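1. take a look and give me a structure for this.
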Amino acid sequence: KNHGLALHEDIANYARLHHQQHADAPPTPSPSQSGGGSSYGHMIALADAEWEHHLRSRLALSARIPGNAPMVSDIWRRFQPAWACPTLDRLGHLSEGGKWVCGVRAMAVAAAAAAAAAAAAAAAGTAAGTAAGPERRDEKEAGGCNIYSFGVSGDVRFEQALMRDLEAAAPGACKLRLYDPNVSGLPEDQRIPGSHTFEKVGLGGRTEQGECPECNHSSERYTLVDLLKRDGLQKADLLKVDVESAEYESILHAMCRNFSPDQPLPFDQLLIEVHQAPKRLKNMTSTRGAIAELLTCLEQRDFVEFS
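-> Coordinates of the predicted model:
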C-alpha cells in the first residue's frame, strides 16, 4: 500500500507559494462558485475542514471495527488520504514505483529563494546571514532542498520525473540521494537530471557497518538520523521509503518509539510503501497494529495524509 504524508504547515505554505507563482493562471472559483471564502486560502481552509471531519469520523468508525479484525485492509478504512492537496502530482509509473507528491515544485522554488537570500546577506556582511540559526546553517550550505530515496531496485522513473520537475522549477536547488543495498548502481537507461548520488546501503532501525563479501547485497544499514548527520543536515525535505518491511524498524521503532512526543521527525514529506509482513520485528501483535501505530505517530506530529 502506497501512502503519502506531509507536515501540514509545510504543504499548506507550499500550496500558497505555488499559487503566488501562478497568479496569471486561470482564476480559482469565486466565493459563489466554491461555497464562500476567497480563492486559494479558501481551498486550504476546505482541505483543513475535511481533514478534521475525517478524524472525527474515524473515531466513530474505530469504535465499530473490532480490535482483532483479521483483515489488513480494514486499516485503510481508518486512515484515508483526506487532506486535499491543491498541487498534487503523480510522478513515475502509474502502478508499482509511482508516487503521489504534494507541492514539490514550490518546495524547490522556496529553497532556491532561501539560498539566494542567505547568499546575499552573507555577501553584504550583515547579521542576516545567521538569522536562520546554527541548526539551519548546514542545510543551506548543503544546497537548498534535500531528498532521500530508499529502495530503488532497477526502476528510478519516479526519481527521474521528480528531478525533472524540480530542475524545471528551480535549477540546482535540490539534491537527490538514492540508496539500495541490493543493486550496485542506477539503471543506465533511466538518466536522472540534476544533482544526485547513489550508495549501496540500506535503511534500518540501527546503524550497522559490517562486511559480507559472499553476499549479493550490502550488509551496511543506517538510520535516517545517522545519514543526515553524516551529510550535515537536520532533516530531509522529502523522504521516499520502499524498503520491503524495513519501514517498521526504521521509522516506527527508530523514530516514533524512541523520539520524545515533542521531538520533530527529521523529514517534511514522507512517501512510503507499507508492507503486510513485518516478520523481522518483535513485539508486534499484528501488521494492522503496526500500520496503525506508525500512521498515528505521524498524525500526532501534525502530518496529514494527502490526496
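
2. mind listing what residue 186 touches?
-> The contact partners of residue 186, by Cβ atoms under 8 Å, 6 or more residues apart in numbering, come to 152, 156, 178, 192, 198. (Glycine included, C-beta is placed from N, CA and C.)

3. again, 10 Å this time
-> 152, 154, 155, 156, 159, 160, 178, 180, 192, 196, 197, 198 (Cβ atoms under 10 Å, 6 or more residues apart in numbering).

4. same question, residue 164
-> Residues in contact with residue 164, defined by Cβ under 10 Å, 6+ apart, are 91, 192, 193, 194.

5. closest one of those to residue 270?
-> For the contacts of residue 164, the residue nearest residue 270 by Cβ to Cβ is residue 91; the value is 15.1 Å.

6. would you confirm that the closest one contacts residue 98?
-> Yes: using Cβ atoms under 10 Å, residue 91 makes contact with residue 98 at a distance of 6.5 Å.

7. list residues touching both of those two?
-> Common contacts of residue 91 and residue 98 (Cβ under 10 Å, 6+ apart): 157, 158, 161, 271.

8. return the residues in contact with the first one.
-> If I follow you right, that is residue 157. Contact analysis of residue 157 by Cβ under 10 Å, 6+ apart lists 91, 92, 93, 97, 98, 187, 190, 192.

9. hmm, 6 Å instead?
-> Residue 157 makes contact with 92, 93 under the criterion Cβ atoms under 6 Å, 6 or more residues apart in numbering.

10. by mean pLDDT, flag the weakest helix or strand of this structure.
-> Of all helical and strand segments in the chain, the minimum by mean pLDDT, DSSP states H and E falls on helix 31-34, at a mean of 38.

11. so after that helix, what's the next helix or strand?
-> Sequence-wise, the next helix or strand downstream of helix 31-34 (DSSP states H and E) is helix 39-64.
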